[in-house]
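**Student:** quick one, fold the following:
(2 chains)
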Number of protein chains: 2
Amino acid sequence: MEDAGTVPCAANYAPLTPLSFIERAAAVYGGRTAVGLRGDARHTWKEARDRCVRVAAALATRLGVNRRDVVAVLSPNVPAMYELHFAVPMAGAVLCTLNTRHDAAMVSALLKHSGSKVFFVESSLLDVAKGALRRITDQLGTTSLPVLVTISDETNAGDSSRRDYEYEDLIKYAPSGFDIRWPVNEPDPITLNYTSGTTSRPKGVIYNHRGAYLNTIATVLAYDITTMLTYLWTVPMFHGNGWNLPWGVAMQGGTNICLHHFTAKVIFNNIARHRVSHMGGAPTVLNMIISGAPPPPRVFNEMEDLGFVVYHVYGLTETCGAATVRTWMPEWDALPAHERALLKARQGFQHIAIQDIDVKNSKTMESQPYDGQTVGEVMFRGNTIMSGYYKDIDATKESMAGGWLHTGDLAVRQPDGCIQIKDRAKDIIISGGENISSTVVESVISNHPAVLEASVVARPDDHWGETPCAFVKLKNGTSVTEAEIIGFCRDRLPHYMAPKTVVFEDLPKTSTGKTQKFVLGERARVTGSLTKTNSCKL
Amino acid sequence: MEDAGTVPCAANYAPLTPLSFIERAAAVYGGRTAVGLRGDARHTWKEARDRCVRVAAALATRLGVNRRDVVAVLSPNVPAMYELHFAVPMAGAVLCTLNTRHDAAMVSALLKHSGSKVFFVESSLLDVAKGALRRITDQLGTTSLPVLVTISDETNAGDSSRRDYEYEDLIKYAPSGFDIRWPVNEPDPITLNYTSGTTSRPKGVIYNHRGAYLNTIATVLAYDITTMLTYLWTVPMFHGNGWNLPWGVAMQGGTNICLHHFTAKVIFNNIARHRVSHMGGAPTVLNMIISGAPPPPRVFNEMEDLGFVVYHVYGLTETCGAATVRTWMPEWDALPAHERALLKARQGFQHIAIQDIDVKNSKTMESQPYDGQTVGEVMFRGNTIMSGYYKDIDATKESMAGGWLHTGDLAVRQPDGCIQIKDRAKDIIISGGENISSTVVESVISNHPAVLEASVVARPDDHWGETPCAFVKLKNGTSVTEAEIIGFCRDRLPHYMAPKTVVFEDLPKTSTGKTQKFVLGERARVTGSLTKTNSCKL
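**Tutor:** Numbers count the residues shown, from 1 in each chain, chains lettered A, B, ... in the order given. Coordinates of the predicted model:
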């Protein structure tokens, strides 16, 4: 058929953007609570939408923010942080959320790299922020400084001489009648996410409106989230845009319970008080799931024992959050707990917005067989993959060589096609020519009753090339010897896979709670080459 | 920010298409039942996907189907009909599903208008199909005939001299190694749906891959459909592509229960036998919901009494199916049944893939106030609106004038913004300068205990211009007089809205079960101008 009769126009095309979700939420769920908990203030969806438009208006008119300008924010999960996920793109600008555990030096580096024009800072983080701004002033002078907006409950309307602003003032005194700056094209950038990574150099991952829209939908569907959920914010919104759920909760007209900070007790109290239906994960699970390393199976059993239904997703900052989901088959409910946990611990299949997933030989780009054995690199393609790394075209091209996103994660394909992550590429231990998956060894050690968490890295060895070296944190009040851990592993693994060395200590973490394997690897390497003994107490 | 660092490529872009859903279903739900019931044959998702690819291969290689060729099908809801929703687009072609109640003349007209190259016909409809083909031969000669493929359980592999084919043969002898012809661009056409309409001239509505993908997702979300549903096919797939659910069931890895034909008993038996979780509606509701006219509130109560949870959606062929959803708020559960039914009977708000909905003055294009009173035309815009009417650019332009799809449906905005359909534009009765909504009058009459269904149209009147004329079908074994119906309405409506005339008879229906108001309008008009009495028994 020819195109006779078709008319492309505003009636049948609009660039996809998650901004449409809050517009719709204001219409459909207008009177329901959208965002709660900052001094117990609550806003309905109609109010939340209006507040976002007012912030956008203030950015565009008072603060001179233009389309594609970068706006940074340093904040825990307070309502303003939630609102900025809509307000900044409504001004046509790009939201850059910074990790709240960064120090002043890192914050100043990222403000400079991103070229941020405005900098929103939650009041508890003002010291770090001001330290970062001083550094910029020292290095580049005051003309390079972004405009500072403090997020607190105050207003300082009277003091017009200040160069900085209060968030609530922006809303209070925003001009009315602002027209939302909808994206012109779908690939227009919406957010800029610096990966904290497990390596030292942060990279600025660019998300676009199309990808954010589609990955929000795919995430909501992956979790089987129906309308009007109540979502507890434990996942930091600065981390991959809270896995897209700031937009996802709006899409489903839910209620956001924002926690400034939390403990296990705060979580459980809030679950009870607000009848929370969904959350990103309890602290232990959260740390493990977001860590890029796959969670040990026992975590799932223990969460289920507490009454949680756990959805297991896997993704990277570069995939805009979740990219696979472990869809749970009802017939598996009848299996013994141990088998259920093993099944759930696999990463599963691509979600509905990922076009394709594969486990490939990184060099030949050939697909690996579905044998549960042959390790390859997980690769993705689809509309929810980042646009690229900001100002780093070489890294972008390298990461997308051959038209696939190279994740750096190693996995096998089970015979049913399911993906099972074995390790980060750089975390594979090669001992006597055999590949040892550090996560497999970690998973076994984690099952020891005295062990809280474990991390296994390569230690140089003259004879074997490398041997597994385990760093173990014990539960309070327990004790166990190196020999016992090694014996425990030998009972459950091929001998070559059991650690040759066990170190008992707290594990070093990144600011997002990932175990810093490169730090441990460095320790093991130094120790190995220096002492060449079977012990590496550091 | 500049575009520094971004690389548009196969890693981060693919045209959206519902074909991706069956690819994913074959991976994620490969061993689960995809399609059931044609002689009790069942196919898993892996098998269903392979069968679709084989049909596509046969179309492309044996039957010479090229990209953008139209492939027609005349079939009830058998598994082959389901498969063709994937197989035809996999060959790069456009699926044109014909209404099974069309006669040979209409089928031949649509085959000619669409220029169909191949014609799939389910064996029970061969007589009509062959009649249509004879007409084409008589008018245009045999060179214009599409290739006929019969859908039955047979194969005729030995008989290679035949010009026509058997569906199962295509699959059995399809060449292997066929590469799916993915859409090149998102606006590439995927289906062509002729509206049966309530007027005489059918129009060919063109859907594209992008719109079909997005409306499938929006439909699944509108119904809160989670994974692995069991769907009973009572909605004809020829009708607006079964409201996108052929693709939606694949997206969620569900099981399709295909019924060749059905009665209420068949439906209930299948619900019990297959543990059906979702269906398009029981017969009465189905007829009413798909009829374009809004369903009377009592229908919802009666369905709920049977144990169904009813989702109310509204859309047109031109919106690729559902466009609004009546999202149910939990607090409404506590209301009395009558109020609940009234609330549910409203059409609600746009679903997540519609960019915008409005109720406008058709002439000025101004938005109507949220007063529950002022009637305007429902208009939509967004990615799920049709590309246009095939070979009818004037109709397309008229329908999308001003960048909005004009639905022809009249509605008010309730104070909460909710849309409530009052009538089709042409079905408004103007009496003494007052607009009378025929559906409001119909809804009142439908509540009379003796009434099965009612349709109200305008009757010309010398004094009032028009007056309401009611056509009423009574329940079996009941009787009621014209005066009783009029009195019943006067007790519940302003007097000018009560019908002046009541006719008791079966209502004429279109082939999709819509009441043919234009037929009734014609009868009322003729009667009115001839007799000018208060009665129009015809």
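**Student:** C-terminal to the helix or strand of chain A with the lowest mean pLDDT, what's the next element?
**Tutor:** Using mean pLDDT, DSSP states H and E, the weakest-scoring helix or strand in chain A turns out to be helix A:283-289, at a mean of 44. Note on helix A:283-289: by DSSP states H and E, the next helix or strand toward the C-terminus is helix A:297-305.
**Student:** which other helices and strands contact the helix or strand just after that next one?
**Tutor:** Going down the chain from helix A:297-305, the next helix or strand is strand A:313-316, by DSSP H and E. Here strand A:313-316 touches helix A:240-243, strand A:321-325, going by 3 or more C-beta pairs under 8 Å, 6 or more residues apart in numbering or on different chains; DSSP states H and E. Quick note: C-beta positions are derived from backbone N, CA and C, even for glycine.
**Student:** what residues of the first one count as buried?
**Tutor:** Taking 16 or more other C-beta atoms under 10 Å in any protein chain shown as the basis for neighbour counts, the residues of helix A:240-243 that come out buried are A:240-243.
**Student:** for that helix, packing partners?
**Tutor:** strand A:189-194, strand A:313-316, strand A:321-325.
**Student:** now the element after that helix, going C-ward?
**Tutor:** Next element after helix A:240-243 (DSSP H and E): helix A:245-251.
**Student:** do the same with the longest one
**Tutor:** Sequence-wise, the next helix or strand beyond strand A:321-325 is helix A:337-344, with elements assigned using DSSP H and E.
**Student:** can that next one be said to contact chain B?
**Tutor:** No. If you take C-beta under 8 Å from any C-beta of the partner chain as the test, helix A:337-344 misses chain B, and the best it gets is 13.8 Å.
**Student:** return the residues of the stretch 401-538 of chain A in contact with chain B.
**Tutor:** So far as C-beta under 8 Å from any C-beta goes, the stretch 401-538 of chain A lies against chain B at A:403-405, A:416-417.
**Student:** make TSV out of the helices and strands packed on helix A:240-243 and add distance to B:Asp427 and mean pLDDT.
**Tutor:** Shown next, in TSV, are these (distance: least, C-beta to C-beta, whole Å; pLDDT from 0 to 100):
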stretch	distance to B:Asp427	mean pLDDT
strand A:189-194	44	93
strand A:313-316	49	84
strand A:321-325	47	86
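**Student:** which of those sits most buried?
**Tutor:** Each of the helices and strands packed on helix A:240-243 was scored by mean neighbour count; the highest is strand A:321-325, a mean of 27, by mean count of other C-beta atoms under 10 Å in any protein chain shown.
**Student:** off-centre distance for that one?
**Tutor:** 11 Å (C-alpha atoms, centre = their mean, to the nearest Å).
**Student:** which helices and strands does it pack with?
**Tutor:** Using 3+ C-beta pairs under 8 Å, 6+ apart, strand A:321-325 is in contact with helix A:209-222, helix A:240-243, strand A:313-316, strand A:349-350, strand A:354-360.
**Student:** over to A:Lys473: give its phi and psi.
**Tutor:** phi -110, psi 130 (degrees, to the nearest 10).
**Student:** residues near it, how many?
**Tutor:** The number of residues packed near A:Lys473 is 15, by other C-beta atoms under 10 Å in any protein chain shown.
**Student:** before we move on, what about A:Ala109?
**Tutor:** Neighbour tally, A:Ala109, other C-beta under 10 Å: 16.
**Student:** circling back to that earlier point, deepest of the helices and strands packed on strand A:321-325, which one?
**Tutor:** Scoring the helices and strands packed on strand A:321-325 by mean count of other C-beta under 10 Å, the most buried comes out as helix A:209-222, with a mean of 27.
**Student:** so which elements touch that one?
**Tutor:** Packed next to helix A:209-222, using 3+ C-beta pairs under 8 Å, 6+ apart, are helix A:19-28, strand A:189-194, helix A:245-251, strand A:321-325, helix B:209-222.
**Student:** pull the CA atoms of it into CSV?
**Tutor:** Provided in CSV are the C-alpha atoms of helix A:209-222 (Å, rounded to 0.1, in the frame of the first residue of the first chain):
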residue,chain,number,x,y,z
HIS,A,209,13.0,11.5,26.9
ARG,A,210,12.1,8.5,24.7
GLY,A,211,14.2,6.1,26.7
ALA,A,212,13.0,7.5,30.1
TYR,A,213,9.4,7.2,29.0
LEU,A,214,9.8,3.6,27.8
ASN,A,215,11.9,2.4,30.6
THR,A,216,9.4,3.8,33.1
ILE,A,217,6.7,1.8,31.6
ALA,A,218,8.8,-1.3,31.3
THR,A,219,9.9,-1.0,35.0
VAL,A,220,6.3,-0.6,36.2
LEU,A,221,5.3,-3.7,34.2
ALA,A,222,8.3,-5.6,35.4
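**Student:** tell me the phi and psi of the nearest residue in space to A:Ser362 that is not next to it in sequence?
**Tutor:** Closest residue to A:Ser362 apart from its sequence neighbours, by C-beta to C-beta, 6 or more residues apart in numbering or on different chains: A:Glu377 at 4.5 Å. Torsion angles at A:Glu377 (phi, psi; degrees, to the nearest 10) stand at phi -90, psi 130.
**Student:** ok, A:Gly417 next?
**Tutor:** Torsion angles, degrees, to the nearest 10, at A:Gly417: phi 100, psi -10.
**Student:** without its sequence neighbours, what residue ends up closest to it?
**Tutor:** Nearest non-adjacent residue to A:Gly417, counting by C-beta to C-beta, 6+ apart: B:Ala27, 5.3 Å away.
**Student:** burial of that neighbour, as a residue count?
**Tutor:** Every residue meeting other C-beta under 10 Å relative to B:Ala27 is counted, giving 20.
**Student:** report the secondary structure element holding A:Gly372.
**Tutor:** Following DSSP H and E, one finds A:Gly372 outside all helices and strands.
**Student:** just the pLDDT for it.
**Tutor:** We have a pLDDT of 91 for A:Gly372.
**Student:** swap in A:Tyr167?
**Tutor:** Confidence score, pLDDT, at A:Tyr167: 94.
**Student:** so the closest residue to A:Ser144 other than its chain neighbours, which of the three states?
**Tutor:** Among residues not flanking A:Ser144 along the chain, A:Ile136 sits closest, at 5.7 Å (C-beta to C-beta, 6+ apart). Secondary structure, DSSP: H, G, I helix; E, B strand; the rest coil: A:Ile136 is helix.
**Student:** which residues touch A:Ile136?
**Tutor:** By C-beta atoms under 8 Å, 6 or more residues apart in numbering or on different chains, A:Ile136 lies in contact with A:108, A:111-112, A:144-145.
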